[in-house]
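Q: Below: sequence and its predicted model.
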Amino acid sequence: MTGVSMTFDDGTTALTDVDLTVAPGELVTLVGPSGCGKTTILRLAAGLLTPTAGEIEVSAAATSFVFQDATLLEWRTALRNVELMGELRGVPRAERRARALEVLDAVGLADATARHPRQLSGGMRMRVSIARALVAQPDLALLDEPFGALDEITRLSLQTLLQELFAQRRFGGLFITHSVSEAVYLSDRVLVMGRGRIAAEVAVPWAHPRPPEVRYDADFAALAGEVSARLAAAS
């Protein structure tokens with residue numbers, strides 16, 4: 001997106017002159033306080049909103065969205081929830097089932113395909129949501145704080161899982177979080193947001209996938225400290 005501004009009908013200005021790119025195979029994270037415009041950027045990228053000014057170009061052939069809540073259909077099993085995107089796109093049943101089983105196995109749920117959402121933990125539900133997003137083999141994945149409501153142990157586990165999936169599949173990713181350590185662990189670049197604008201960019205040097213232990217390195221702590229300082233300056 002180039003020079004993008006967004007003012008809602010009630011007069012609220014959410015974004016002002018934002019420039020943002022996500023290269024193929026790059027994972028970019030937006031971090032900032034509540035109300036700074038992070039989710040608005042994601043919704044604009046998904047085509048759910050139209051900007052007041054500026055241009056948005058999405059060259060991805062397929063885009064998937066992972067919400068803060070798993071948003072699963074309670075009457076469908078995990079397998080049938082993941083199959084849903086293929087059904088909507090007219091993919092033949094055998095093909096969409098094979099794809100769904102593959103991605104459920106990739107997220108560690110090969111033994112839970114017949115369970116309904118009420119039979120799954122919060123972390124398992126989010127794994128199903130991630131599998132549903134990846135089954136379409138997206139070029140761009142948009143992830144809106146998908147781990148924010150999870151306990152710390154589950155959150156760290158899913159961060160590692162996302163790292164592994166990203167390394168295997170190399171989709172472009174735009175990820176939103178309030179967590180500085182999560183942003184640094186997952187990203188190639190961290191974009192620090194102030195009120196309605198991108199205030200700073202911090203490059204992350206490590207290749208994917210990153211081992212969980214990197215979170216305890218001195219260099220990781222230093223980079224997280226830099227992002228925190230930029231956040232404080234932008235607030």
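A: Looks like it came in fine.

Q: which regions of this protein lie under the pLDDT threshold?
A: Low-confidence segments of the chain, defined by pLDDT under 70: 60-61.

Q: which residues of it fall in helices?
A: Along the chain, the stretches classed as helices by DSSP state H are 38-45, 78-88, 93-106, 122-134, 152-169, 180-186, 218-234.

Q: May I have the shortest one as PDB, with CA atoms only?
A: Right, helix 180-186. Written as PDB, here are the backbone C-alpha positions of helix 180-186 (Å, rounded to 0.1, in the frame of the first residue of the first chain):
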ATOM      1  CA  VAL A 180       7.200  -7.300  21.300                       C
ATOM      2  CA  SER A 181       8.900 -10.700  21.900                       C
ATOM      3  CA  GLU A 182       6.400 -12.400  19.600                       C
ATOM      4  CA  ALA A 183       7.000  -9.800  16.900                       C
ATOM      5  CA  VAL A 184      10.700 -10.300  17.000                       C
ATOM      6  CA  TYR A 185      10.600 -14.100  17.200                       C
ATOM      7  CA  LEU A 186       8.300 -14.400  14.200                       C
END
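
Q: Dump the helices of the chain to CSV, plus mean neighbour count and distance to residue 32.
A: C-beta here means a position set from N, CA and C on the backbone, and glycine is covered the same way. Written out in CSV, the entries for the helices of the chain read as follows (neighbours: other CB atoms under 10 Å; distance: least, CB to CB, whole Å):
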stretch, mean neighbour count, distance to residue 32
helix 38-45, 22, 6
helix 78-88, 20, 30
helix 93-106, 17, 31
helix 122-134, 23, 22
helix 152-169, 17, 19
helix 180-186, 23, 10
helix 218-234, 15, 7
